[in-house]
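Visitor: Starting from these lines, generate the structure:
(2 chains)
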Amino acid sequence: MTNALLHNARLIDPEAGTETLGWVRIEDGKIAEIGEGTRAGGIDCRGSCLGPGLVDVGVKVGEPGERHKEGFGTAGQAAAAGGVTTMVTRPDTATAIDTPEILEFVARRAKERSAVRVAPMAALTMGREGREMVEIAFLRDAGAVAFSDGDHVVSNPKVLSRCMTYARSLGALIVGHPQDPVLSDGAAVTSGKFASLKGLPAVSPMAERMGLERDLALAEMTGVAYHADQISTAAALPALTRAKAAGLNVTAGVSIHHLTLNEFDVGEYRTFFKLKPPLRSEEDRKAMVEAVRDGTIDLICSMHTPQDEESKRLPFEVAASGAVGLETLLPAALRLFHSGDLSLPDLFRAMALNPAKRFGLNGGRLSVGAPADLVLFDPDAPFVLDRATLRSKSKNTPFDLARMQGRVLRTWVGGQSVFEVKA
Amino acid sequence: MTGFDKPHLLGIEELSPVEITTLLDRADVHAEAERGSRDHGQPLKGLTQINMFFENSTRTQASFEIAGKRLGADVMNMAMQTSSVKKGETLIDTALTLNAMHPDLLVVRHPHSGAVKLLADKVNCAVLNAGDGRHEHPTQALLDALTIRRAKGRLHRLNIAICGDIAHSRVARSNILLLGKMESRIRLIGPPTLMPAGVADWGVEVFDDMETGLEGCDVVMMLRLQKERMDGAFIPSEREYYHRYGLDAEKLRVAKDDAIVMHPGPMNRGVEIDGVLADDINRSVIQEQVEMGVAVRMAAMELLAENLRVRRAAA
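Guide: Below you'll find the predicted structure:
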């Protein structure tokens, strides 16, 4: 069924920045008509919120190579249950996605298995080794929406500047991981009182600013379109503000974990809170929330990183980094709504509109002609998260047993219902 | 109730001043017995103590072994570096395997911070942390405290200087926690490259020169400088370090006349401490620290064994 009428909904429009009670008519998988007030017939949304489906940038799916951690089937289900209608996937798989052939495999698997749309990123250099650039044009033609070596920072500025120069001629977007690789080598947490008391190897928050300043200098030199995957420290923000004011083609993201958790959540060496970059101070967290609000940071992502139990059941400094987030992205983001920090249109601007625009995708909007990728949610419904119920194959969430407020009720992709809460 | 009812000894952070005092009082009894009758009454008889050292140690392992044996325990040493760990077994699996053999006391040293707690969560015997990464080394802090208490008659309102590589030292962390809880004033002295980040928030005074840092101190604790830190990455050279931070009679002059000198061992004579000073029986209590180490470990294992018996009887 790709024709439907959804009425009695609180419409969250990130473009207009409005919340209004109204209805949406879907035809041929697209939004055909939007109206205010009431309209009879179709699906009664009972006053719940209807927004554009989330576009989550930086989702790790373990295909190829790590299907025991996550596959397109499970990731797609988790996404649908989280209101994510497009996953922009990471290329840091086991064999990196660095040739058009591997990308075609990924696209085929995604098409066969995933309940939601998949927009793959490709590696920037072969094997993510920072030496030879990938076939950027071929990969772009095969569907790559951006190019990134993920957390393998291209440490040689000569290599990176050439990649950027070449990418610019094709209009390709490069996604960087702003982190000085030498300063942050081996670090498990952010340096400070907590890290020192726990005796954990730590990195100064300044390593992020150093990485960002370098990348921005090269972006200025080459004119490339550049996106910083995660900004998590206040010290990095002035550089970003300066670059944007200078008119550079630059954007930045932040993970939902860095917006809702801080370094103290690690507590007694809880490895589900080991992230990359590591969790920061409360001051940094607040600065990130403010940066999202004022638009310095453009988008919020989950940085969905599935890890198996074994790689987390280790001493903290040797445990794997990363957390799953597809299914908790929206409920966790609603914490910022309930705390009064961000409005619902603000959140959907950062989680749907901006990522879609930046990655050249035709979604993220609640407007006529846009694909009917929609999420219906109750922002107030309380629940306690039980990680065993997550649809991801890996259950490494930092929100296990956390009290959450806000639930996805139903998700549509192209007008097709892909998830619905059982009454 | 004995004043100490913890199931494990994982760190000083979780101990109250009463618990610390209880441990020290009990250790005093064993220290006196060691010097006199050598009769400790076999309180660990019938119990199995396993020493699991994932990191090289001669002194601490020997100290735990002697303490256990003199209290009547059956002591077993496992050389973890050559065992199943090398075959890829995880720490938790190793713990579960050992647990199935029903040990009573597990003494663990591990190179990673937090690893001993991770292991303690998986077993149902008493676990003693013999040093985890850069985190804690509680029995070292307790033996230092006992040594200080015996020399100074108290643990409160003393000026205690801890000198050297604070950043990489679990001994320093446990000592700072313990002496802070007992209401002494702590000064940390060392080059800024060997000071941990955020140290200003620890409630201590920080100095980068010995001359001002040692002034009026009652206790001077020197820390070992690891060989791998001497290569120019943290300090320029061994001889410059000795010149600025090595403790000798000259630098000690600004401390109180009766200040005592401590070192957790093993010492690098001529790097962090002058050899003659280390052997000066009027100032150095380094040998007594080793002696108190056995007494403190006896007390810790005895109290944990008592708690273990209570828990098992209740179960």
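
Visitor: Show me the strands in the stretch 151-300 of chain B, by range?
Guide: B:159-163, B:185-189, B:205-207, B:219-222, B:260-262 (DSSP state E, counting those that start in this stretch).

Visitor: now for the ones you listed, which one comes closest to chain A?
Guide: With Cβ to the nearest Cβ as the measure, strand B:185-189 is the member of the strands of the stretch 151-300 of chain B nearest chain A (11.4 Å). Every residue, glycine included, has its C-beta placed from N, CA and C.

Visitor: Please identify the residues of chain A in proximity to chain B?
Guide: A:191-200, A:202, A:204, A:268-269, A:310, A:313-318 (Cβ under 8 Å from any Cβ of the partner chain).

Visitor: Now tabulate the strands of the stretch 151-300 of chain B in TSV and tack on mean pLDDT, distance to chain A and mean neighbour count.
Guide: Listed next are those as TSV, based on pLDDT from 0 to 100; distance: least, Cβ to the nearest Cβ, whole Å; neighbours: other Cβ atoms under 10 Å in any protein chain shown:
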stretch	mean pLDDT	distance to chain A	mean neighbour count
strand B:159-163	98	14	25
strand B:185-189	97	11	22
strand B:205-207	97	12	16
strand B:219-222	98	18	26
strand B:260-262	97	21	23
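
Visitor: Those into JSON lines, with extra columns for distance to A:Arg140?
Guide: JSON lines is the format used below for those (distance: least, Cβ to Cβ, whole Å):
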{"stretch": "strand B:159-163", "distance to A:Arg140": "59"}
{"stretch": "strand B:185-189", "distance to A:Arg140": "56"}
{"stretch": "strand B:205-207", "distance to A:Arg140": "54"}
{"stretch": "strand B:219-222", "distance to A:Arg140": "62"}
{"stretch": "strand B:260-262", "distance to A:Arg140": "66"}
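
Visitor: Out of those, which gets nearest to A:Arg242?
Guide: strand B:205-207 (34.5 Å; Cβ to Cβ).

Visitor: Quick check: closest non-adjacent residue to the residue of the stretch 201-315 of chain B at minimum distance from chain A.
Guide: Per Cβ to the nearest Cβ, B:Asp201 is where the stretch 201-315 of chain B lies closest to chain A, at 4.3 Å. Leaving aside its chain neighbours, B:Asp201 sits nearest to A:Lys193 (4.3 Å; criterion: Cβ to Cβ, 6 or more residues apart in numbering or on different chains).

Visitor: All the helices of chain A, residue numbers only.
Guide: Counting by DSSP state H, chain A has these helices, from start to end: A:72-82, A:100-113, A:136-141, A:157-170, A:193-198, A:206-222, A:237-245, A:256-260, A:282-294, A:309-312, A:329-338, A:344-348, A:354-358.

Visitor: Averaged pLDDT, the first one. What do you get?
Guide: Along helix A:72-82, the predicted confidence averages to a pLDDT of 98.

Visitor: hmm, who's touching it?
Guide: Identification of contacts with helix A:72-82 by Cβ atoms under 8 Å, 6 or more residues apart in numbering or on different chains yields A:54, A:56, A:59, A:61, A:63, A:85, A:87, A:109-110, A:112-116, A:118, A:302, A:304, A:306, A:324, A:326-330, A:390-393, A:408, A:411, A:413, A:418-419.

Visitor: Give me the below-cutoff pLDDT ranges for the chain.
Guide: Because you didn't say which chain, this covers chain A. Counting by pLDDT under 70, chain A has low-confidence residues at A:1, A:423.

Visitor: That was the other one, I meant chain B.
Guide: Residues of chain B that meet the cut-off, pLDDT under 70, sit at B:1, B:82-88, B:229-232.

Visitor: Can you check which helix is longest in it?
Guide: Per DSSP H, chain B has its longest helix at helix B:286-314.

Visitor: circling back: out of the residues of chain A next to chain B, which end up buried?
Guide: A:191-200, A:202, A:204, A:269, A:314-317 (16 or more other Cβ atoms under 10 Å in any protein chain shown).

Visitor: residue ranges of the helices in the stretch 51-200 of chain B, please?
Guide: B:59-70, B:91-99, B:115-120, B:138-152, B:170-181 (DSSP state H, counting those that start in this stretch).

Visitor: Not counting residues beside it along the chain, what's closest to residue 168?
Guide: This is for chain A. Nearest to A:Arg168 is A:Val224, by Cβ to Cβ, 6+ apart, at 4.4 Å.

Visitor: um, chain B though
Guide: B:Arg134 (5.7 Å).

Visitor: show me the contacts for the residue nearest to B:Asp201.
Guide: A:Lys193 neighbours (Cβ under 8 Å, 6+ apart): B:197-199, B:201-202.

Visitor: at 10 Å what do you get?
Guide: Applying Cβ atoms under 10 Å, 6 or more residues apart in numbering or on different chains to A:Lys193 gives the contacts A:263-264, A:281, B:196-202.

Visitor: What is the neighbour count of residue 239?
Guide: Reading this off chain A. 22 (other Cβ atoms under 10 Å in any protein chain shown).

Visitor: try again with chain B
Guide: 11.

Visitor: check contacts around it.
Guide: B:246, B:270-271.

Visitor: picking that back up, for the longest helix of chain B, packing partners?
Guide: helix B:17-35, helix B:59-70, strand B:105-110, strand B:126-132, helix B:138-152, strand B:260-262, helix B:275-278 (3 or more Cβ pairs under 10 Å, 6 or more residues apart in numbering or on different chains; DSSP states H and E).

Visitor: Which neighbouring elements make contact with the longest one?
Guide: Under the contact criterion of 3+ Cβ pairs under 10 Å, 6+ apart, helix B:17-35 touches helix B:59-70, helix B:138-152, helix B:170-181, helix B:286-314.

Visitor: any idea how far that helix is from the chain center?
Guide: Distance of helix B:17-35 from the chain centroid (Cα atoms, centre = their mean, to the nearest Å) equals 15 Å.

Visitor: Chain A contacts on the stretch 1-150 of chain B?
Guide: B:10, B:13-14, B:54, B:90-93, B:110-119, B:121-122, B:132-136 (Cβ under 10 Å from any Cβ of the partner chain).

Visitor: Would you list the phi and psi of B:Asp121?
Guide: For B:Asp121, the backbone dihedrals (degrees, to the nearest 10) come out as phi -70, psi -20.

Visitor: Quick check: it touching A:Arg270?
Guide: No. Applying Cβ atoms under 10 Å as the test, B:Asp121 and A:Arg270 come out as separate, 11.4 Å apart.

Visitor: For the nearest residue to A:Phe264 once chain neighbours are set aside, give me its contacts.
Guide: Excluding its sequence neighbours, the residue lying closest to A:Phe264 (Cβ to Cβ, 6+ apart) is A:Phe194, at 6.1 Å. Residues near A:Phe194 by Cβ under 10 Å, 6+ apart: A:200, A:202, A:262-264, A:266-267, A:279, A:281, B:197-198, B:201.

Visitor: biggest separation within the residues you listed, which pair?
Guide: Among these, A:Gly267 and B:Ala197 lie farthest apart (Cβ to Cβ), at 19.0 Å.

Visitor: The two: who's more crowded?
Guide: With neighbours defined as other Cβ under 10 Å, A:Gly267 and B:Ala197 compare such that B:Ala197 has more, 17 against 10.

Visitor: Quick check: closest non-adjacent residue to the more buried one.
Guide: With sequence-adjacent residues excluded and distances taken as Cβ to Cβ, 6+ apart, B:Ala197 is closest to A:Ser191, at 3.9 Å.

Visitor: Roughly how far does that neighbour sit from A:Leu237?
Guide: Taking Cβ to Cβ, to the nearest Å as the measure, A:Ser191 and A:Leu237 are separated by 19 Å.

Visitor: need the contact list for the residue of the stretch 201-315 of chain B closest to chain A.
Guide: For B:Asp201, the contact set (Cβ under 10 Å, 6+ apart) comprises A:192-194, A:196-197.

Visitor: quick one on the thing from earlier: out of the helices of chain A, which gets nearest to B:Glu302?
Guide: When the helices of chain A are compared (using Cβ to Cβ), the closest one is helix A:193-198, at 28.9 Å.
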